[in-house]
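>>> here is a sequence together with a model predicted from it:
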Amino acid sequence: MLYPVPAVMVGVQKPGEKPNIITVAWTGTVCSDPAMVSISVRPERYSYAILHETREFTINLVTDKLTRAADYCGVRSGRDVDKFKEMHLTPATVEGIRAPGIEESPLILSCKVTKEMPLGSHVMFLANVVSVSVDESLLDEKGKFHLNRAGLISYSHGEYFLLGKKIGQFGYSVRKTAGRRKSGSQRHR
């Protein structure tokens, strides 16, 4: 299996019923144009029927401050408890869908399901991202979003990890820098 993975809280809600949160580790970006994501959910989970019926959800990124809530929402069923109430979370109204976001999350993706694919133990929901909500405290004076300042976590084999030290950025391995010297020797493999 591929680990670590993001741990996210997914917001769902049937019209007229209480909002619910399911914690999902099998999620990811699948396309940038159009913006698309996927989540995979076991059919026996309470939120599966809501996803299947409403065909919309939010993906809420988890920070170090939200880790306890993410864990709780992954081990308790919305059939039995009101997860928003129990974890003192605030349902957020988001643009384009009726499913709730989580106000305390630094990034909320509002998603509409385009395809449901049974894969075995899980069903994958492929979805278009219809809107994005960001915590304005993570925007700099020029409006650039600094998500890495949020204290994001990842999940690996039953454990949560705080993402940490930056070790490079895309393209740094081939970028030319001033003052770099060419070496007289080369390595061959």
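That came through, no problem.

>>> and the closest residue to L139 other than its chain neighbours, how many residues sit next to it?
Distances taken as C-beta to C-beta, 6 or more residues apart in numbering put F145 closest to L139, at 5.8 Å, once the chain neighbours are dropped. Where C-beta positions appear, they are placed from N, C-alpha and C, glycine not excepted. Neighbours of F145 under the rule other C-beta atoms under 10 Å: 16.

>>> then A99?
25.

>>> all further residue positions should be reported with the first residue as 2.
Done: numbering now begins at 2, and the last item shifts to A100.

>>> that one: what's it in contact with?
Contacts for A100 (C-beta atoms under 8 Å, 6 or more residues apart in numbering) come out as G12, V13, Q14, P20, T55, E57, F58, T59, S111, C112.

>>> quick one on the thing from earlier: can I assume the residue nearest to L140 is in contact with E137?
No: the criterion here is C-beta atoms under 8 Å, and F146 misses it with E137 at 9.4 Å.

>>> who touches both of those two?
Shared contacts of F146 and E137, defined by C-beta under 8 Å, 6+ apart, are absent.

>>> hang on, V9 packs against I60?
Yes: in this structure V9 lies within contact range of I60 using C-beta under 8 Å: 5.1 Å.

>>> list residues touching both of the two?
Joint contacts of V9 and I60 (C-beta under 8 Å, 6+ apart) are V25, T28, I40.

>>> which of the residues you listed lies closest to H89?
Relative to H89, the closest of the shared contacts of V9 and I60 is V25; by C-beta to C-beta it sits at 20.9 Å.

>>> look up phi and psi at the closest one.
The phi/psi pair for V25 (degrees, to the nearest 10) reads phi -130, psi 130.

>>> ok, it - contacts?
Contacts of V25 (C-beta under 8 Å, 6+ apart): A8, V9, M10, V11, I40, S41, V42, I60.

>>> out of these, list just those in strands.
V9, M10, V11, I40, S41, V42, I60 (DSSP state E).

>>> rebuild those residues as CSV, extending it with neighbour count.
Listed next are the ones in strands among the contacts of V25 as CSV, based on neighbours: other C-beta atoms under 10 Å:
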residue, neighbour count
V9, 28
M10, 27
V11, 25
I40, 24
S41, 17
V42, 25
I60, 27
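
>>> identify the farthest-apart pair in the residues you listed.
Using C-beta to C-beta, the ones in strands among the contacts of V25 span at most 14.9 Å, a distance reached by M10 and S41.
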